[in-house]
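Enquirer: Fold the following and give me the result.
(one chain, ligands or ions: 1)
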Amino acid sequence: MNKGRYLYPNDYMADPSAHVFEGKIYIYPSHDWESGIEENDNGDHFNMKDYHVFSMEEVDGEVIDHGKVLAVEDIPWSGRQLWDSDVAHKDGKYYIYFSLKDKTDIFRLGVAVGDTPYGPFVAEKTPIDGSYSIDPCVFEDNGDYYIYFGGIWGGQLQFYRNNKITFPMCLPHSHENALSPKIAKLTDNMLEFAEEPQDVIILDENGNPLKQGDTERRFFEASWLHKYNGKYYFSYSTGDTHLICYAIGDNPYGPFTYQGVILTPVIGWTTHHSIVEFKDKWYLFHHDCVPSKGKTWLRSMKVTELEYDENGLIKTIQGQ
Ligand code: FUB
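Expert: Down below sits the predicted model:
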């Protein structure tokens, strides 16, 4: 049984990206709501239109809602669907990276800039050049910032090969290498890719890339990167098999070797998380659909403690 704490019973919030800024935990979730759009495989029912920011001084303390910090109508290139986001801090500025469909219904990554961790954030006029798909995660290492992204099915990653739209827009066959999440270093001003996005390769125990048919282990969406004892932990959702898994590498680019399951399936179709250290303990932020009685588009964010064994392996947390 996952004894995690629901963080905000007043509203539906999903995909929580947690960071420690100014000595507090800040949480950047997607803001679910009942838009009335029918559920489908493209995820049209995830029709989110704004972001709120939350903070807390203790993991079991009061959760402060800092209110609306960015909305679809504030983003000059917006079409619809503000999906997962993440935030990075550099030189006194805060950068929120977000997934949004443009006016042609193609997912792009955007960035908006603020002076505090709780915004408000002002969006750039155009999406990040060369960006596509969903679920940005930004990770800082030795002063360099890296953005990870990608998600299949509704996240549109299967439309692309070598960073270009391809036809037919389809997934690899089961026996072929799985579609990989992407990584790119960010420019010094944090607003652009400093390089062409590269594949984040996840290897099996024999050193071979995971296959598309390996649905219990291959990448689907929800990239997250954290560092523990000098190693790089890349974690992600397996989507249609509803697991949060992880793989370990020696540098931000990988390759990463698959290690196991962090979170078993929760109530709800999607599962999405972040991992953060706070006051010498580690925490998993995630969501489930228990409060909405299983409505996949109305998710509630949670936090639960995450532990490692003596070999640095993450102990599996039960989603239900
Ligand atoms: O919240 C919309 C989408 O659902 C996210 O971008 C995915 O990771 C999944 O959680």
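
Enquirer: Please count neighbours and contacts with C-alpha atoms only from this point.
Expert: Will do.

Enquirer: how many neighbours does the residue nearest to F98 when sequence neighbours are not counted have?
Expert: Nearest non-adjacent residue to F98, counting by CA to CA, 6 or more residues apart in numbering: S85, 4.2 Å away. Residue neighbour count, defined by other CA atoms under 10 Å, stands at 25 for S85.

Enquirer: distance of whatever residue of the stretch 101-250 of the chain ends up closest to the ligand from L306?
Expert: Per CA to the nearest ligand atom, A222 is where the stretch 101-250 of the chain lies closest to the ligand, at 4.6 Å. Summarising the geometry, the distance separating A222 from L306, computed by CA to CA, to the nearest Å, is 18 Å.

Enquirer: what do you get for C137?
Expert: For C137, the distance to L306 under the criterion CA to CA works out to 19 Å.

Enquirer: How many neighbouring residues does F278 have?
Expert: Other residues near F278 number 16, with proximity taken as other CA under 10 Å.

Enquirer: Please apply the same query to the one 10 residues further on.
Expert: Applying the criterion other CA under 10 Å, we find 30 residues in the vicinity of D288.

Enquirer: so how far is G67 from it?
Expert: D288 sits 22 Å away from G67, taking CA to CA as the criterion.

Enquirer: Please work out the average pLDDT along stretch 126-146.
Expert: Stretch 126-146 shows an average pLDDT of 98 in the prediction.

Enquirer: For it, measure first residue to last.
Expert: The first residue of stretch 126-146 is 20 Å away from its last residue (CA to CA).

Enquirer: buried ones in it?
Expert: Of the residues in stretch 126-146, those with enough neighbours to count as buried (16 or more other CA atoms under 10 Å) are 127-128, 131-140, 145-146.

Enquirer: Kindly identify which of those residues also come near the ligand.
Expert: I134, D135 (CA under 6 Å from any ligand atom).

Enquirer: Specify which member of the buried residues of stretch 126-146 is nearest to S300.
Expert: Nearest to S300 out of the buried residues of stretch 126-146 is D135 (CA to CA; 17.8 Å).

Enquirer: how about the strands of the stretch 51-200 of the chain, start to end?
Expert: Assignment of strands within the stretch 51-200 of the chain using DSSP state E, counting those that start in this stretch yields the ranges 64-71, 85-90, 93-101, 107-114, 122-123, 137-141, 144-149, 160-161, 164-165, 182-185, 198-199.

Enquirer: between the ones you listed, which gets nearest to Y28?
Expert: Taking CA to CA as the measure, the strands of the stretch 51-200 of the chain were each checked against Y28, and strand 85-90 came out nearest at 6.4 Å.

Enquirer: Could you tell me the angle between that closest one and strand 93-101?
Expert: Taking axes from the mean of the first three to the mean of the last three CA atoms, to 10 degrees, one finds strand 85-90 and strand 93-101 inclined to each other by 160 degrees.

Enquirer: Strand 85-90 - what's its average pLDDT?
Expert: Taken as a whole, strand 85-90 carries a mean pLDDT of 98.

Enquirer: That one and the ligand, are they touching?
Expert: No - Strand 85-90 stays out of contact with the ligand when judged by CA under 6 Å from any ligand atom, the minimum separation being 7.9 Å.

Enquirer: buried stuff in that strand?
Expert: Buried residues in strand 85-90 (16+ other CA under 10 Å): S85, D86, V87, A88, H89.

Enquirer: what's the closest of those to the ligand?
Expert: Within the set of the buried residues of strand 85-90, S85 lies nearest the ligand; the separation is 7.9 Å, counting by CA to the nearest ligand atom.

Enquirer: so the closest one touches P136, yeah?
Expert: Yes - with contacts defined as CA atoms under 8 Å, S85 counts as touching P136 at a distance of 6.0 Å.

Enquirer: what touches both of the two?
Expert: Y97, F98, S99 (CA atoms under 8 Å, 6 or more residues apart in numbering).

Enquirer: does the second one have beta-bridge partners, and which?
Expert: Same thing as F98. According to DSSP bridges, S85, G110 are recorded as the beta-bridge partners of F98.

Enquirer: So for it, what pLDDT did the model give?
Expert: Looking at F98, its pLDDT stands at 98.
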